[in-house]
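Asker: sequence and computational prediction follow.
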Amino acid sequence: MNIAELRNYPFLLLVLRDGESEGFFTPEFMHKTKQQLSDMSLRIASDNLSIIYADQIKKGCEIVLGMSNLGLLDLCDNDTDNAKEILKNQGVVYCFRAGWAKYAQLKTISPSYFEEISIRRYALAINDTSDIRAMHTALVNEGYKSAKLLQVYKSIATDYCATTLLVDDDEEVLLFELQKFLNTAIALLLIDSDKKVFTTRLYEQLNTYLTKTDKQALLTKLATCVASFTEQLSVITKSYLQEIKLLTFAELKGIIDQQENISMYIQEILELPITVENELNGDFDGGYDFHADDEDDLAYLRPEQR
């Protein structure tokens with residue numbers, strides 16, 4: 001069992017306490033260490049918190065304790081004798097810097113994810129025995145997932161984004177748009193198209209196919225298209241998309257399965273060029289769009305399209 005859990009104090013404080021009682025740390029060393037912890041706490045509070053309120057000063061102390069504790073644990077691997085030597089020879093500031101380096105590692109993994117992680121997450125109260133290394137490891141793993149999401153998003157968007165790619169920092173937005181890209185890939189395969197982006201003609205072809213084809217036949221072909229598309233993905237991309245359950249195509253399957261108001265719902269889950277969306281929703285004001293092909297442009301001039 002972790003020594004901190006046995007004695008109800010963070011590892012760093014236990015090492016200092018034991019070293020002091022054993023005479024390993026001199027009174028001068030303890031005074032210097034306490035002063036360094038205090039100075040670092042005030043600096044953390046002034047740089048990252050508000051020092052107007054006393055509870056913010058306390059929070060600064062807890063953050064310094066957490067960072068220093070994380071650094072010491074990483075340096076000594078939970079070995080108390082090694083920890084005493086590190087503190088005596090290198091000092092608590094050295095431990096804090098080691099902990100801060102672990103925290104800063106999140107930024108190198110995924111800058112956008114790092115911005116979401118409050119430094120307060122690393123705060124450690126004097127009676128807190130939680131495993132800060134396990135907490136940090138969990139944040140690192142989430143950081144890698146965030147970075148992977150962005151990487152896969154950009155990779156899929158290269159083929160299936162119908163407009164200028166604007167990368168959002170919100171992971172829920174990225175997931176939503178990524179699913180639309182994937183739905184579009186499958187929808188185009190359903191109508192045996194080798195295109196990567198819908199035109200009005202292709203969308204009308206899809207709509208006709210979905211509304212006129214037997215439901216069971218649709219679901220069977222959908223499964224074939226999903227298998228074909230999945231085989232083309234890299235092992236890493238496929239594994240990631242399966243892990244976050246974006247290859248189940250539950251929404252697309254649900255729309256096909258109920259087959260009611262399919263024309264209304266299908267466009268909501270696809271990636272469509274703005275020109276196609278405008279025409280579908282009657283928002284076209286006239287003129288050529290410069291994005292679709294000639295057939296689409298001419299469709300705007302037909303009386304029934306007005």
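Answerer: Right, received. Where do you want to start? Numbers count the residues shown, from 1 in each chain.

Asker: next SSE downstream of the biggest helix by length in the chain?
Answerer: When the chain is scanned for its longest helix (criterion: DSSP state H), the result is helix 132-160. Heading C-terminal from helix 132-160, the first helix or strand you meet, by DSSP states H and E, is helix 171-190.

Asker: how about residue 126, secondary structure?
Answerer: coil (DSSP: H, G, I helix; E, B strand; the rest coil).

Asker: what number of residues lie near it?
Answerer: 11 (other C-beta atoms under 10 Å). From N, CA and C alone the C-beta is placed, and that goes for glycine too.

Asker: repeat that for the one 5 residues further on.
Answerer: One way to gauge burial is a neighbour count; for residue 131, by other C-beta under 10 Å, it gives 15.

Asker: look up phi and psi at it.
Answerer: Dihedral pair for residue 131: phi -80, psi 100, per degrees, to the nearest 10.

Asker: and it, how close does it get to residue 10?
Answerer: 10 Å (C-beta to C-beta, to the nearest Å).

Asker: nearest residue to the middle of this protein?
Answerer: By C-alpha atoms, centre = their mean, the chain has its centre lying nearest to residue 146, at 2.8 Å.

Asker: quick one: that one from residue 120, how far?
Answerer: Distance from residue 146 to residue 120, by C-beta to C-beta: 19 Å.

Asker: do residue 74 as well
Answerer: Taking C-beta to C-beta, one finds residue 74 at 20 Å from residue 120.

Asker: which of these two has more residues huddled nearby?
Answerer: residue 74 (17 against 13).

Asker: looks like that one contacts residue 96 (just checking).
Answerer: No. Between residue 74 and residue 96 there is no contact under C-beta atoms under 8 Å: 11.7 Å.

Asker: need the nearest residue in space to residue 238, chain neighbours excluded.
Answerer: Using C-beta to C-beta, 6 or more residues apart in numbering and skipping residues adjacent in sequence, the residue nearest residue 238 is residue 230, 6.0 Å away.

Asker: quick one: what helix or strand has the one you found in it?
Answerer: helix 215-232.

Asker: and the angle for that helix with helix 171-190?
Answerer: Here the directions of helix 215-232 and helix 171-190 differ by 110 degrees (axes from the mean of the first three to the mean of the last three C-alpha atoms, to 10 degrees).

Asker: other SSEs contacting helix 215-232?
Answerer: Secondary-structure packing of helix 215-232 (3 or more C-beta pairs under 8 Å, 6 or more residues apart in numbering; DSSP states H and E): helix 171-190, helix 250-258.

Asker: can we see that at 6 Å?
Answerer: Helix 215-232 sits against helix 171-190, with contacts defined as 3 or more C-beta pairs under 6 Å, 6 or more residues apart in numbering; DSSP states H and E.

Asker: the helix it packs on vs helix 250-258, what angle?
Answerer: Using the same axes, to 10 degrees: helix 171-190 against helix 250-258 is 50 degrees.

Asker: now helix 171-190: buried residues?
Answerer: Within helix 171-190, the residues scored as buried using 16 or more other C-beta atoms under 10 Å are 171, 174, 177-190.

Asker: mind giving me the domain split of this structure?
Answerer: 3-130, 148-305 (automatic domain parsing).

Asker: any chance of the ones you listed in a markdown table, plus mean pLDDT and distance to residue 139?
Answerer: Listed next are the domains of the chain as a markdown table, based on pLDDT from 0 to 100; distance: least, C-beta to C-beta, whole Å:
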| stretch | mean pLDDT | distance to residue 139 |
| --- | --- | --- |
| domain 3-130 | 86 | 6 |
| domain 148-305 | 84 | 14 |
